[in-house]
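> Got a predicted model here, sequence first, then my questions.
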There are 2 protein chains.
Amino acid sequence: MRISINANRCEPSPMRKFHPLAVEAEKKGTKIYHLNIGQPDLATPKAYFDAVRSFDSKTLGYAESPGIPLLIHAVQDYYRQLDVELADRDILITTGGSEALLLTCLSILDPYTEVIIPEPYYPNYTTFVHAAGGVIRAMPTSPEEGYRYAFRKRIEKLITKNTRAILITNPGNPTGVVLTHEEMRMIADVAKENDLFLICDEVYREFCYDDKFGVPTMARFRDIDENLVIIDSVSKRFSACGARVGCVVTRNQELQQALLKFCQSRLAVATIDQIAAAALYSVPHSFFVESKAEYKRRRDTVMEKLRQIPGVMMEEPMGAFYLMASLPVDDADKFQRWLLTDFSDHGETVMFAPGAPFYETPGKGINEVRIAYVLKQKDLERAMDLLALGIEAYNNRKK
Amino acid sequence: MRISINANRCEPSPMRKFHPLAVEAEKKGTKIYHLNIGQPDLATPKAYFDAVRSFDSKTLGYAESPGIPLLIHAVQDYYRQLDVELADRDILITTGGSEALLLTCLSILDPYTEVIIPEPYYPNYTTFVHAAGGVIRAMPTSPEEGYRYAFRKRIEKLITKNTRAILITNPGNPTGVVLTHEEMRMIADVAKENDLFLICDEVYREFCYDDKFGVPTMARFRDIDENLVIIDSVSKRFSACGARVGCVVTRNQELQQALLKFCQSRLAVATIDQIAAAALYSVPHSFFVESKAEYKRRRDTVMEKLRQIPGVMMEEPMGAFYLMASLPVDDADKFQRWLLTDFSDHGETVMFAPGAPFYETPGKGINEVRIAYVLKQKDLERAMDLLALGIEAYNNRKK
């Protein structure tokens, strides 16, 4: 018996792989500030729990494979407010944005075909692309250029006869980069001219800290209907990560048919969560305004604190709730491990996601971490102080 | 842009592909008896809904990637009652048995490697195997032999250097075949001798209508710890299909590590559903006894009714809640389509799953259907009467 080649090409999640060490640390009574996972601590709107509690069928049956109509229509209404018209058949409800990505990769990638992704990128993309036998062609960026990646020539240089798709996260995870309208248009053009799928992971759409960007979505470009695949989710938008409800939006009906076959094979997304997710879409607009304001404050807090730690370098993120920071340590993976096994200050420590797995290019990101600023101001401040103390103690430890 | 080879190798689900026609028929006011999907109509235990309503965190956060400890321990306790000892690390919670199957295929199959499956089999296996680029080598059975498949020589004949696994459903979907202890032992031996994974889909474990079979599970054979992968789910066991909570059970830690990478990439199974699924495992044993008795009565009803329809042939199922029946029609797929578009009796019609997609061998199953006996006695009787009327009208229609 052996493990498949594609499974062997995958790596443990850098956000999740330290979980066993964290459990051990917590058993010893250590409190951990979790900045490793993009799990907001904001309250999930009450509408979700109200809907959950109102479910009163005697039998918990399967939902429809493409998603329940109630939720599909709620998603439609939401997009309509963004001036995006979608037909029922353009939307497939999935078990989180994660399943949307996996099924998209399985539907469009053959072994050895390529996906262009700007690096650093969300490391789970690697698993989804590799699960389908695909290969990631990383588009390098640099902190000096603020991790921006929308340069036509650089993208075109990476296109080969095996390229099937360009995959971007906008607003960006882990860099916080948000594309301008012109940049979105250029990338759409490149996809169209080269007959490529353009997969846009827009799960952070509402988290954009400068009004000049408007609401970033590619779905308004109607000339790329056949190319565009939008990955969406309620997880971040409504602070409802545990619902596991997302969707694929594409007007490419051939792709919809392929996706639907996979959706039928796994039967359905959880019934009660779909009903409750539909209720989320009824929250007033003020919810987004307040969430965004809160994250902006958090971003500012983290930036202010990081600027005070000697040797730390980072770029101010314009969207999402992450940033990449370069730390004055030899190896962020080793440092994170040490923070959990050997460090604590007043019984507390802190967790990040080590940076190397966010890069395809070997050797990059070794001393970087991704920081998810998803905690309350006070907790964030303490977490940053723990980072500063940790760096100092780590570099002064006996080796 | 094009769709992947593997997606093109998949077919729409025969249980789900008529859904749009069913929606149309219902719009016209036709009532449909659904025997196409294995969705029990028994009430889900109240414990599920109580747990759902008791959830009182303000934020609906991600669960742990391998599953929440509460549920993992509930599964452990359940297996302990079957005399099966499992460590925490032997269990991975998945989004239904479906995800358990997909991730297992992705973890062990390379393109062109083979999985041996007795046919007829659950058609979604095709999608999971094809998603990973694998090939199904069907082990033919016959109604004359009661669809039994545990014949050493026939299995061994199908093993090639590309074979990676044997996949069985026990009790069987769609045939209702249940393996004897000796048959299970023989298949375990073949897997072990040939260094193959043995994937046992045991989601119908509790539905076994003859006590001579005991509780059918391979998990007691400790000499095949490295080979065995059990697919499990709360869907059928607790009449909770819409929960989408299942698990992979394997003591092969190399496989667990591969599976865990995929589980981490999709972050987690829905949080509230996991908590509620854990509560299901606390229902008293009498729940299983009553469910089984109810399904046995349903089976007997369907068998009695089917025996009265001229030209129908079928085998009495010993387990699960399905049977394959050969109908006196030219093409069961065409017949099903016609039942939805052109037939109704007093405003009612009936749905089955056409048989051909349950076979890998071309030409087999054309006039067969899978009947899921998942409705109340009275509804089942009416559904069978509609079948009889439908057959007659279909064969007498103007062509």
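Received, thanks. Numbering: from 1, shown residues only, chains lettered A, B, ... in the order given.
> List the residues that contact residue A:92.
A:66-67, A:100, A:247-248, A:256, A:259-260, A:263 (Cβ atoms under 8 Å, 6 or more residues apart in numbering or on different chains). Placement of C-beta: from N, CA and C, glycine included.
> Please produce a markdown table containing those residues, extended by pLDDT, neighbour count and distance to chain B.
Formatted as a markdown table, the contacts of residue A:92 follow (pLDDT from 0 to 100; neighbours: other Cβ atoms under 10 Å in any protein chain shown; distance: Cβ to the nearest Cβ, whole Å):
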| residue | pLDDT | neighbour count | distance to chain B |
| --- | --- | --- | --- |
| A:66 | 96 | 24 | 9 |
| A:67 | 97 | 24 | 12 |
| A:100 | 98 | 28 | 10 |
| A:247 | 98 | 26 | 15 |
| A:248 | 98 | 25 | 13 |
| A:256 | 97 | 21 | 10 |
| A:259 | 98 | 25 | 8 |
| A:260 | 96 | 22 | 7 |
| A:263 | 96 | 26 | 9 |
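> Can you tell me the strand partners of the helix or strand harbouring residue A:32 and which way each runs?
Take DSSP states H and E as the rule and residue A:32 turns out to sit in strand A:31-34. Strand pairing for strand A:31-34, using DSSP bridges, gives strand A:348-351 (parallel).
> Chain A: strands as residue ranges?
A:31-34, A:91-94, A:114-118, A:135-139, A:163-169, A:197-201, A:228-233, A:246-249, A:313-314, A:322-326, A:348-351, A:353-354, A:368-372 (DSSP state E).
> quick one: strands adjacent to the last one?
Strands flanking strand A:368-372 in the sheet, each with its direction: strand A:322-326 (antiparallel), strand A:353-354 (antiparallel) (DSSP bridges).
> which of those strands is buried the deepest?
Ranked by mean neighbour count, the strands paired with strand A:368-372 are led by strand A:353-354 with a mean of 28 (mean count of other Cβ atoms under 10 Å in any protein chain shown).
> from the middle of its chain, how far away would that one be?
Centroid separation between strand A:353-354 and its chain, computed with Cα atoms, centre = their mean, to the nearest Å, is 14 Å.
> quick one: which of the strands paired with strand A:368-372 is nearest residue A:131?
strand A:353-354 (20.6 Å; Cβ to Cβ).
> contact partners of the closest one?
Contacts to strand A:353-354, defined as Cβ under 8 Å, 6+ apart, come from residues A:14-15, A:36-37, A:123, A:174, A:332-333, A:335-336, A:365, A:368-370, A:372.
> which one of these sits closest to chain B?
Minimum distance to chain B across those is 6.7 Å, recorded for residue A:37 (Cβ to the nearest Cβ).
> which of the contacts of residue A:92 lies closest to residue A:280?
Each of those was checked against residue A:280 using Cβ to Cβ; the closest is residue A:247, at 12.7 Å.
> From what I see, that closest one and residue A:101 are in contact.
No: Residue A:247 is beyond contact range of residue A:101, at 11.4 Å (criterion: Cβ atoms under 8 Å).
> So in terms of bridging, what pairs with residue A:117?
Here residue A:117, judged by DSSP bridges, has bridge partners residue A:138.
> among the strands paired with strand A:368-372, which is nearest residue A:293?
Nearest of the strands paired with strand A:368-372 (Cβ to Cβ): strand A:322-326, 17.8 Å.
> Pull out the CA atoms of the closest one and give them to me as PDB.
The C-alpha coordinates for strand A:322-326 follow below in PDB (Å, rounded to 0.1, in the frame of the first residue of the first chain):
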ATOM      1  CA  TYR A 322      -3.800  39.700   7.500                       C
ATOM      2  CA  LEU A 323      -0.300  41.000   7.000                       C
ATOM      3  CA  MET A 324       3.000  39.500   6.200                       C
ATOM      4  CA  ALA A 325       5.900  40.500   8.500                       C
ATOM      5  CA  SER A 326       9.500  39.700   8.300                       C
END
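> Could you check how far that strand is from the centre of its chain?
Chain-centre distance of strand A:322-326: 14 Å, with Cα atoms, centre = their mean.
> I'd say residue A:4 and residue B:104 touch.
No: the criterion here is Cβ under 8 Å, and residue A:4 misses it with residue B:104 at 10.1 Å.
> okay, and the common contacts of these two?
If you check residue A:4 and residue B:104 against Cβ under 8 Å, 6+ apart, no residue is contacted by both.
> The two: which is more packed in?
Each of residue A:4 and residue B:104 has its neighbours counted (other Cβ atoms under 10 Å in any protein chain shown); residue B:104 has more, 28 against 24.
> number of nearby residues for the closest residue to that one other than its chain neighbours?
Once flanking residues are discounted, residue B:104 sits nearest to residue B:229: 5.6 Å by Cβ to Cβ, 6 or more residues apart in numbering or on different chains. Neighbour count of residue B:229, defined by other Cβ under 10 Å: 26.
> can you pull the contacts of residue B:229?
With contact taken as Cβ under 8 Å, 6+ apart, residue B:229 is in contact with B:104, B:165, B:197-200, B:248-250, B:252, B:255.
> same question, residue A:118
Applying Cβ under 8 Å, 6+ apart to residue A:118 gives the contacts A:138-139, A:141, A:147, A:149, A:168.
> Share the number of residues neighbouring the spatially closest residue to it that is not a sequence neighbour, please.
Leaving aside its sequence neighbours, residue A:118 sits nearest to residue A:149 (Cβ to Cβ, 6+ apart; 3.5 Å). Other residues lying near residue A:149 total 24 when counted by other Cβ under 10 Å.
> before we move on, what about the one 4 residues further on?
The local packing of residue A:153 (other Cβ under 10 Å) involves 6 other residues.
> ok, back up a step: take the strands paired with strand A:368-372 and lay them out in TSV including mean pLDDT.
Putting the strands paired with strand A:368-372 into TSV (pLDDT from 0 to 100) gives the following:
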stretch	mean pLDDT
strand A:322-326	94
strand A:353-354	92
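> Contact residues of the stretch 51-200 of chain A facing chain B?
For the stretch 51-200 of chain A, the contact set with chain B under Cβ under 8 Å from any Cβ of the partner chain comprises A:52-53, A:55, A:58-65, A:95-96, A:98-99, A:102, A:106-111, A:124, A:127-128, A:131-133, A:164, A:195-197.
> what's the single longest helix in chain A?
Assignment by DSSP state H gives helix A:286-307 as the longest helix of chain A.
> anything in that helix near chain B?
No: figure legend: helix A:286-307 not in contact with chain B (Cβ under 8 Å from any Cβ); closest approach 12.3 Å.
> got the contact list for that helix?
Residues outside helix A:286-307 that contact it (Cβ under 8 Å, 6+ apart) are A:40, A:42, A:45, A:176, A:206-209, A:237-239, A:312, A:314, A:316-317, A:321, A:323, A:325, A:371, A:373-377, A:380-381, A:384-385, A:388.
> per-residue confidence for the spatially most central residue of chain A?
Against the mean C-alpha coordinate of chain A, by Cα atoms, centre = their mean, the closest residue is residue A:173 at 5.4 Å. Confidence at residue A:173, expressed as pLDDT, is 95.
> Please name the bridge partners of the spatially closest residue to residue A:174 that is not a sequence neighbour.
In space, and not counting its chain neighbours, residue A:174 is closest to residue A:370: 4.0 Å by Cβ to Cβ, 6+ apart. For residue A:370, the beta-bridge partners are residue A:324, residue A:353 (DSSP bridges).
> Let me know whether residue A:370 touches residue A:320 as I believe.
No: at 10.6 Å, residue A:370 does not count as touching residue A:320 under the criterion of Cβ under 8 Å.
> and residue A:23, how many neighbours?
Residue A:23 has 13 nearby residues by other Cβ under 10 Å.
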